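> Have a look at this prediction, sequence included:
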Amino acid sequence: AQRVTQPEKLLSVFKGAPVELKCNYSYSGSPELFWYVQYSRQRLQLLLRHISRESIKGFTADLNKGETSFHLKKPFAQEEDSAMYYCALSSAGNKLTFGGGTRVLVKP
Amino acid sequence: GAVVSQHPSWVICKSGTSVKIECRSLDFQATTMFWYRQFPKQSLMLMATSNEGSKATYEQGVEKDKFLINHASLTLSTLTVTSAHPEDSSFYICSAATGSEQYFGPGTRLTVT
């Protein structure tokens, strides 16, 4: 069965500092991975997906199949990046398995 | 575009009663909708996959007679929590899929007293 692990429940960084959210997965097939973000009092929304290989709001994530990781990075964190971030893996039938989530707090 | 609504946004019901939650895709058609449950300070857990015109597929450990899902049209899926008990209190979130992307509703908070 697939599994997504986010080892950090909370990441606290200062504005302008780099931030990296870790995500590891286990899946027997070819993975499709996503990062979702949930800002305070808002619904879950897609941040980025590995197949698009794009940068959204300054965030990037690279799929490393050897390390089964999909870490999310941003070189200079902003206060508006404070939110809950979920790594997710899509399996057959577009079912999503979510990691436990990481709360990011960017301090001024 | 790609907006998903849920109704109600919160509901309180008495133990033993049933409550229905609606999930609508407002500006697109979704052949597949998903229902998730989220406990406080925990992640989303998939409960079931709802396909238009066919029976829902439930994840292991989810009671299909407890959580009735109906996907009557390409824009509406409903989740009915039957004979609700306090342990059913939770945040229920739906998503609607178009292609390989899912769009999430705002969630419904259910409190069973």
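Looks like it arrived, so ask away.

> who touches the strand ranked longest in chain A?
Assignment by DSSP state E gives strand A:83-91 as the longest strand of chain A. Here strand A:83-91 makes contact (Cβ atoms under 8 Å, 6 or more residues apart in numbering or on different chains) with A:2, A:4, A:6, A:21, A:23, A:25, A:27, A:29, A:31-40, A:44, A:47, A:70, A:72, A:96-99, A:101-104, B:43-44, B:100. For glycine as for every other residue, the C-beta is placed from the backbone atoms N, C-alpha and C.

> buried set for that strand?
Buried residues in strand A:83-91, defined by neighbour count with 16 or more other Cβ atoms under 10 Å in any protein chain shown: A:83-90.

> which parts of chain A sit against chain B?
Residues of chain A lying close to chain B by Cβ under 8 Å from any Cβ of the partner chain are A:32, A:42-46, A:49, A:86, A:90, A:93-101.

> and with 10 Å instead?
Neighbours of chain B within chain A, by Cβ under 10 Å from any Cβ of the partner chain: A:1, A:4, A:6, A:9, A:32, A:34, A:36, A:38, A:41-46, A:49, A:51, A:84, A:86-88, A:90, A:93-101, A:103.

> Take those residues and keep only those in strands.
Counted as lying in strands by DSSP E, out of the residues of chain A next to chain B, are A:4, A:32, A:34, A:36, A:38, A:45-46, A:49, A:84, A:86-88, A:90, A:95-98, A:103.
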